[in-house]
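Chemist: next one to model:
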Amino acid sequence: MNRAWASLVLGALLGVLAGCSQVLLPGRGAGVYLPLNVRVAAPVTARSNAIRVLAAEPEWTRARVSIDGRRFTGYRESASGIRTRVRVRVVSGGLSIGVRTELLDGPRWIHTDDVCADYDYARERAIAEALQSRLRAELH
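Modeler: The predicted structure is shown next:
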């Protein structure tokens with residue numbers, strides 16, 4: 001699949017997945033994706049431990065945690081040539097959570113930075129809620 005065609009397919013797929021009323025054309029989306037930043041009052045070590053627990057879940061086809069436990073990247077295969085990439089980082093006062101849908105284009109995975117104007121961060125919020133639930137259980 002050539003890059004232009006892959007970008008068009010990816011934009012259409014992401015538009016459908018996100019519930020957009022329009023197809024997201026490369027470079028013409030309603031907004032640019034930014035990770036969700038969530039305030040978390042737990043100490044850095046507790047947030048790092050929660051990330052390590054997240055990485056140990058069996059849903060990941062590949063997962064990597066930084067040595068200090070402050071960065072996680074995990075992949076879930078959802079269909080042939082489609083995967084979800086999740087990145088979680090410990091940041092000042094909280095967590096940064098990014099979720100991307102990627103398409104296989106020959107030897108590499110591609111994604112778009114375009115999102116719908118009403119993108120609601122549902123996938124990111126679900127991960128944030130799971131992490132916060134783990135933190136509450138650990139700290140109480």
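
Chemist: can you get me a residue count around residue 78?
Modeler: For residue 78, the count of nearby residues is 11 (other C-beta atoms under 10 Å). In short, each C-beta sits where N, CA and C put it, glycine included.

Chemist: how about the nearest residue to residue 42, chain neighbours excluded?
Modeler: Distances taken as C-beta to C-beta, 6 or more residues apart in numbering place residue 135 nearest to residue 42, at 4.5 Å, with adjacent residues excluded.

Chemist: sorry, that was for residue 53
Modeler: Once flanking residues are discounted, residue 53 sits nearest to residue 134: 5.9 Å by C-beta to C-beta, 6+ apart.

Chemist: rewinding a little: three-state assignment of the residue nearest to residue 42?
Modeler: What DSSP: H, G, I helix; E, B strand; the rest coil gives for residue 135 is helix.

Chemist: contacting residues around it?
Modeler: Contacts for residue 135 (C-beta atoms under 8 Å, 6 or more residues apart in numbering) come out as 40, 42, 46, 47, 50.

Chemist: apply 6 Å and report the result again.
Modeler: When contacts are counted by C-beta atoms under 6 Å, 6 or more residues apart in numbering, residue 135 is found next to 42, 46, 50.
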